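Peer 1: build the 3D model from these lines:
(2 chains)
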2 protein chains.
Amino acid sequence: MKCIALLFVGLLSAFSCKAQNDSAVFASVFKEALTHGECYSRLGELCKTIGSRLSGSDNAEKAVAWGLNMLSSYHFDTVFTQPVMVPRWERSNTELLTLSSAVLYKKLKKGVASNYNCEAFEESTRVSRRFRLPAVALGGTVGTAGKLSASVVSVHTDAELDSLGKSGMLRGKMVLLNRAFPEENLNTFASYGACVSQRVWGASRCAVYGAAAVLVRSMSNRCDLHAHTGVMLYADSVRKIPAMAVATAVADMLDQLITEDPRMKITMELGCRTLPDRQSANVIAASTGTVYPAKIIAFGGHFDSWDQGEGAHDDGAGCMHAFEALRILKAIGYKPRHTLCCVWWMNEENGLRGATEYAAVASANRESHVAALESDRGGFTPRGFGVDTAILSRILPFKPLLEKYGIGTLENGGGGADIGPLKKYNPSTVLISFIPDSQRYFDVHHAETDVFENVNKRELELGAAAVAAMIYILDQELE
Amino acid sequence: MKCIALLFVGLLSAFSCKAQNDSAVFASVFKEALTHGECYSRLGELCKTIGSRLSGSDNAEKAVAWGLNMLSSYHFDTVFTQPVMVPRWERSNTELLTLSSAVLYKKLKKGVASNYNCEAFEESTRVSRRFRLPAVALGGTVGTAGKLSASVVSVHTDAELDSLGKSGMLRGKMVLLNRAFPEENLNTFASYGACVSQRVWGASRCAVYGAAAVLVRSMSNRCDLHAHTGVMLYADSVRKIPAMAVATAVADMLDQLITEDPRMKITMELGCRTLPDRQSANVIAASTGTVYPAKIIAFGGHFDSWDQGEGAHDDGAGCMHAFEALRILKAIGYKPRHTLCCVWWMNEENGLRGATEYAAVASANRESHVAALESDRGGFTPRGFGVDTAILSRILPFKPLLEKYGIGTLENGGGGADIGPLKKYNPSTVLISFIPDSQRYFDVHHAETDVFENVNKRELELGAAAVAAMIYILDQELE
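Peer 2: Got it, this is the predicted structure:
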């Protein structure tokens, strides 16, 4: 009996000692992030000296060189690039969406001026006798081969699209796919999920009904004059028609103007094109594990971005979270049990080639990835994590400690575009998603406003600390 | 036994029915806020048609008239203003802080240019042969009666101040009170609390040692070129010396420049003054209770602001939270048990006269305030509440439901400047503080950047929904 009691006391004190140690590591991690943080100034460097990093662009290659050099300066155990072929879609200087009617343009301007977010409209320029609307080509679209003028039909649901299409009303038209974000969702990613199919597949759906082109309402909660690009795909065996995103405030006004004058015509002129694939790279830095050097915990974001803005939140922030997490754990003297691997995946936005290659190489080399964490929801205040169902019960005991740092949200199920392929090769890889506050993400996502100025230093640092804290937990809990 | 079992089942189903109802009310509240929200457009109106609302200013009186009119348009049971005399401190057009040395100015500019947040410096103007520094008078300071030139001493701790003061080193000097926010605090209000005494009492402390004037490092986490004003007070029987806030990036650079050239002089010229008190008002709207009409649950923010920016987050947001909470509960058809009272207190920033008067009137009229909630931490994503220790145990059962909406943080202890006086008169009044995310608050607090453009629509709406949800809980739980 005495032995059992002693054993119990021993276990209890071991447990309490472990809890104290976790608590001390968390405190060190957050202090290091907030008082000696490097992620914010490094993100500033990336955004201001390089800027956007579209796959296959010269800028993306400059960024790879910058990343390799920057990471090397921190003397991690390993820093290298992993070659990968990426697609190369290019926007051209010819990118115009215009309205010819001065009367309708005046009405449109007046309409958007009543919205407090729309001060910028006066800046839009006049092109010969036509009036430019805030719009950008969607990534992957074909060009127009000259000017394409058509009257506009606005649709808000898939059912409406099919009904109009079947009755021949979309033939030769420019179709405005105008389904707005459902605002009642607390999580803005749920609203994005409810709308994004019209951006990705809208052109193909409309081409079936003989449409000439599509305009897609920008994927944003915010009503303003910034157009948001993003990937679009063409279904096989369907005519490829051009596609542009229009700003939400303009989409709302076009709806009204079409009702007033159904013959209203809009002209599109797009010179974009797709070039042959080009070699690029994933950028990787690692601290070798002291107990299981052959077992890897990978964490990262995607290094490519769209060509609007600077890819600051999407996903410069995620890359900096991962780099900073690796740096913080090294700086506080933590000796990882597993090999900790910060990965900046190339080409998440329009191909996923980097993630696919990373997983293929891991599989070919029989590398064991015990866990992978992705940060691709921006550099906002962290709230918690999506956790693979398989290990949720092992993470739940940390909830009180996580809550102390404002990151106690633990959702059942983790995943992400760039870490998904790893699980495909090895179903036992534990996937974790980093969850920051989602309210502002789609204000800037894929738009000219995704710039460094819209990233807050402390929010970014807290995100990095949250990632470091979760990597520490995984490193401690997993074999 | 059967009876007991039935009673148990009855209790259980009543409990479960109550929980279902709470859940349904929460869902309605958040849906109404996010899909039919009025707070964002109303805040836009307030900020863009009126702007800042310093106590005693014409703008503050315009705002009171606007508020009365706006609230009346929603047909609440009661809408009225409550007169209150407020102090009247005025900034003048003469407000200058300048450096005479072109060499040092060039160094200063070069130094701040290396900071990614400092693009705006080029805009600062040259005044005759002197170079203007980004600075603003602190609220309540005396003027300079002409130009005041002095060399500068920078101090970082109270101990350093006393040590230099006692050795006569501050005599005739301009003292730069340069204690920075301790960045390791997760809650930025804790950092503010650790520094704000140098703004409020710094001039008096330095005057004791014969200083000529003080410059106070802006109360901000952010290193940039925006100066943050705020209240300063003079201790009795101490000479009144003028005080200005300087931007954090400039405070950092002045520290360096003083080391390089201790004789460096700075010139201050301030024409501000204090005028006689003026009549202003609290603005109040209420929905009468159906069970306890004489028992009040008050909730609100302060309607006055500093004269920099537009008082958007501080505290237009808090006022809009309260108005919107009242509107939401009415819109979803909720019949309150207690009288729900939205209060916009005047003069929180430099006098607290509105809150003092509100509590005095409540006491004189023997009104029963069962609870009071204050929102004065900006319009950022809500995280939870500070809850009066007396009722924390009654709020804790709601934690799972609150967590579903991201507002599960429940801190022990509630309070606030504007609701404090109510508790003084009636210790049984339950005090609640609304807690939004604190990371960005001191980026804009009391600065020219506290404008509507820096408020996010969904964050503001979620804050209003959170306040409405807590008012519902209080209305249900309290007698």
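Peer 1: residues in the stretch 351-479 of chain A within reach of chain B, list them.
Peer 2: Those residues of the stretch 351-479 of chain A that sit near chain B, judged by C-beta under 8 Å from any C-beta of the partner chain, are A:381, A:383, A:403, A:405-406, A:408-409, A:437, A:439-440, A:443, A:452, A:456-459, A:462. Quick note: C-beta positions are derived from backbone N, CA and C, even for glycine.
Peer 1: out of those residues, which sit inside strands?
Peer 2: When those are checked against strands (DSSP state E), the matches are A:383, A:409.
Peer 1: only the buried subset of the residues of the stretch 351-479 of chain A next to chain B, as a PyMOL command please.
Peer 2: Buried members of these, identified by 16 or more other C-beta atoms under 10 Å in any protein chain shown, are gathered into one PyMOL selection as follows:
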select buried, chain A and resi 381+383+403+405+406+408+409+437+439+440+443+452+456+457+458+459+462
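Peer 1: among the residues of the stretch 351-479 of chain A next to chain B, which lie within helices?
Peer 2: In helices, judged by DSSP state H, the following of those are found: A:403, A:443, A:457-459, A:462.
Peer 1: in the stretch 301-450 of chain A, where is pLDDT below threshold?
Peer 2: Within the stretch 301-450 of chain A, no range satisfies pLDDT under 70.
Peer 1: partner strands of the longest strand along chain A, with direction?
Peer 2: When secondary structure is assigned using DSSP E, the longest strand within chain A turns out to be strand A:273-287. According to DSSP bridges, strand A:273-287 forms sheet pairs with strand A:78-90 (antiparallel), strand A:338-345 (antiparallel).
Peer 1: what's the closest of those strands to residue A:261?
Peer 2: strand A:78-90 (34.6 Å; C-beta to C-beta).
Peer 1: restricting to C-alpha, output that closest one in PDB.
Peer 2: Listed next in PDB are the C-alpha coordinates belonging to strand A:78-90 (Å, rounded to 0.1, in the frame of the first residue of the first chain):
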ATOM      1  CA  THR A  78      19.900  22.600 -42.400                       C
ATOM      2  CA  VAL A  79      18.800  25.200 -45.000                       C
ATOM      3  CA  PHE A  80      18.200  24.200 -48.600                       C
ATOM      4  CA  THR A  81      15.900  24.600 -51.600                       C
ATOM      5  CA  GLN A  82      14.000  21.800 -53.200                       C
ATOM      6  CA  PRO A  83      13.500  22.200 -57.000                       C
ATOM      7  CA  VAL A  84      10.000  22.100 -58.400                       C
ATOM      8  CA  MET A  85       8.500  22.900 -61.800                       C
ATOM      9  CA  VAL A  86       5.700  25.400 -61.600                       C
ATOM     10  CA  PRO A  87       3.100  26.800 -64.000                       C
ATOM     11  CA  ARG A  88       3.500  30.300 -65.400                       C
ATOM     12  CA  TRP A  89       0.400  32.400 -66.000                       C
ATOM     13  CA  GLU A  90       1.100  36.000 -66.700                       C
END
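Peer 1: after it, which helix or strand is next?
Peer 2: Per DSSP states H and E, strand A:78-90 leads on to strand A:95-99 as the next helix or strand towards the C-terminus.
Peer 1: contacting residues around that next one?
Peer 2: Residues lying outside strand A:95-99 but in contact with it, judged by C-beta atoms under 8 Å, 6 or more residues apart in numbering or on different chains, are A:105, A:108, A:127, A:130-133, A:135-137, A:215, A:244, A:246, A:264, A:266-272.
Peer 1: let's go with 10 Å and repeat that
Peer 2: Residues outside strand A:95-99 that contact it (C-beta atoms under 10 Å, 6 or more residues apart in numbering or on different chains): A:105, A:108, A:125-137, A:143-144, A:147, A:149, A:152, A:174, A:213, A:215, A:227, A:244-246, A:250, A:254, A:257, A:264-272.
Peer 1: give the other helices and strands that the next helix or strand after it contacts.
Peer 2: Following strand A:95-99 in sequence order, the next helix or strand is helix A:102-113 (DSSP H and E). Contacts of helix A:102-113 with other secondary structure elements, assessed using 3 or more C-beta pairs under 10 Å, 6 or more residues apart in numbering or on different chains; DSSP states H and E, are made with strand A:95-99, strand A:130-132, helix A:248-260.
Peer 1: buried ones in helix A:102-113?
Peer 2: Using 16+ other C-beta under 10 Å as the test for burial, helix A:102-113 gives A:104-105, A:107-108, A:111-112.
Peer 1: could you check the angle helix A:248-260 makes with that helix?
Peer 2: Computed with axes from the mean of the first three to the mean of the last three C-alpha atoms, to 10 degrees, the direction of helix A:102-113 lies at 140 degrees from that of helix A:248-260.
Peer 1: off-centre distance for helix A:102-113?
Peer 2: How far helix A:102-113 lies from its chain's middle: 33 Å, per C-alpha atoms, centre = their mean, to the nearest Å.
Peer 1: please consider this matter closed, and thank you.
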